[in-house]
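S.K.: only geometry, no sequence info:
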């Protein structure tokens, strides 16, 4: 459907124009940005998407055989492919998106890997909203794909019972997919928790180092203040001692100055008397 190849902001006007000749098109819903990115990927690079969706059957087979190592390896491969396919979809969309939209895009791809019905919905290229697989139960596809008739039974309806004495292959496959998804989700949560703990430990170590450095600077400053205070006390004592020693010296200097003045007067008087005596001969 060409309408779902259009960017979301162009959808409504194009749909209304098309509805003038086909009124049934008026009921079509505008896709969310994340759904449009998936639709764009289907139309322009389906090979990469097919490579991702092929992991679904491999995961289910590994689960049926109880191959834990294979499940973990495939789970890691799935996470890497989901990230790569999401980046490719964003490149094709040629726009910046929020973290919420990117999360919806990756959740839709995860659901397509885990649930065959979701994979078929994605392949139509007519998604109108993102999908989500919680690791248990089916994916709610009600109203997720444009122009698809509603199923007679809800996707969440309990699977039909197997014939007496015979296991139900579809129920076993669904259980295997659910278990694989639950395992992968648990591994991702554990990895995220481990990364959070490592980051917290690094932050704590950095804070402790900063606190230790600050404590050292405080101690150095306190020691410098103490040393300056001691220097001030000693300088004040030296000033007081010098002032005390200076008092008698000042007094002696004043007495000496008076003696000099008196001696000068006596010398002057003696010279005058000598001069008079010489003149009187």
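M.R.: Looks like it came in fine. Keep in mind it's a predicted model, so treat the numbers as computed, not measured.

S.K.: by contact count, what packs against the longest helix seen in the chain?
M.R.: Secondary structure assigned by DSSP state H gives helix 169-279 as the longest helix of the chain. With contacts taken as 3 or more CB pairs under 8 Å, 6 or more residues apart in numbering; DSSP states H and E, helix 169-279 sits against helix 46-64, helix 68-93, helix 99-114. For glycine as for every other residue, the C-beta is placed from the backbone atoms N, C-alpha and C.

S.K.: Return the most buried member of those helices.
M.R.: Each of the helices and strands packed on helix 169-279 was scored by mean neighbour count; the highest is helix 99-114, a mean of 21, by mean count of other CB atoms under 10 Å.

S.K.: tell me the mean pLDDT for that helix?
M.R.: Summarised as a single mean, pLDDT over helix 99-114 is 93.

S.K.: between the helix or strand that that helix is followed by and helix 169-279, how big is the angle?
M.R.: Next along the chain after helix 99-114, taking DSSP states H and E as the criterion, comes helix 116-123. With axes from the mean of the first three to the mean of the last three CA atoms, to 10 degrees defining the directions, helix 116-123 sits at 70 degrees from helix 169-279.

S.K.: For helix 116-123, buried residues please.
M.R.: The neighbour-count check on helix 116-123 (16 or more other CB atoms under 10 Å) flags 116-119, 121-123 as buried.

S.K.: and residue 144, what does it touch?
M.R.: 121, 127-129, 131 (CB atoms under 8 Å, 6 or more residues apart in numbering).

S.K.: ok, the residues you listed vs residue 265, which is closest?
M.R.: For the contacts of residue 144, the closest approach to residue 265 (CB to CB) belongs to residue 129, at 123.5 Å.

S.K.: can you tell me which of the helices and strands packed on helix 169-279 comes nearest to residue 33?
M.R.: Of those, nearest to residue 33 by CB to CB is helix 99-114, at 5.1 Å.

S.K.: which residues are contacting the closest one?
M.R.: Taking CB under 8 Å, 6+ apart as the rule, helix 99-114 contacts 32-35, 37-38, 52-53, 55-56, 59, 78, 82-83, 85-86, 89-90, 97, 118-119, 121-122, 127, 130-133, 135, 139, 177, 180-181.

S.K.: Flag the shaky bits of the chain, pLDDT-wise.
M.R.: 1, 57, 59-71, 135-137, 148-197 (pLDDT under 70).

S.K.: so of the contacts of residue 144, which ones are in strands?
M.R.: Secondary structure from DSSP state E places none of the contacts of residue 144 in strands.

S.K.: Now the buried members of those.
M.R.: Using 16+ other CB under 10 Å, the buried ones in those are 121, 127-129, 131.

S.K.: Distance check, residue 209 against residue 126.
M.R.: Using CB to CB, to the nearest Å, we find residue 209 at a distance of 56 Å from residue 126.

S.K.: More neighbours: which of the two?
M.R.: Between residue 209 and residue 126, residue 126 has the larger neighbour count (other CB atoms under 10 Å), namely 22 against 10.

S.K.: Return the residue spatially closest to that one, with its sequence-adjacent residues excluded.
M.R.: Spatial nearest neighbour of residue 126, chain neighbours left out: residue 146 (4.2 Å); criterion: CB to CB, 6 or more residues apart in numbering.

S.K.: Report how many residues lie close to that neighbour.
M.R.: Neighbour tally, residue 146, other CB under 10 Å: 21.

S.K.: I'd guessed it sits against residue 11; true?
M.R.: No: with contact defined as CB atoms under 8 Å, residue 146 does not count as touching residue 11 (10.4 Å).

S.K.: any shared contact partners between the two?
M.R.: 4, 31.

S.K.: now residue 236: how far from residue 242?
M.R.: 11 Å.

S.K.: Next: residue 11.
M.R.: Applying CB to CB to residue 11 and residue 242 gives a distance of 96 Å.

S.K.: From residue 15, how far out is residue 41?
M.R.: 21 Å.

S.K.: which one of these two has more residues nearby?
M.R.: residue 41 (25 against 18).

S.K.: tell me the contacts of the closest residue to residue 51 other than its chain neighbours?
M.R.: Nearest non-adjacent residue to residue 51, counting by CB to CB, 6+ apart: residue 81, 6.8 Å away. Residues in contact with residue 81 (CB under 8 Å, 6+ apart) are 51-52, 55.

S.K.: Nearest to residue 275, out of those residues: which one, please.
M.R.: For the contacts of residue 81, the nearest to residue 275 is residue 52 (135.0 Å; CB to CB).
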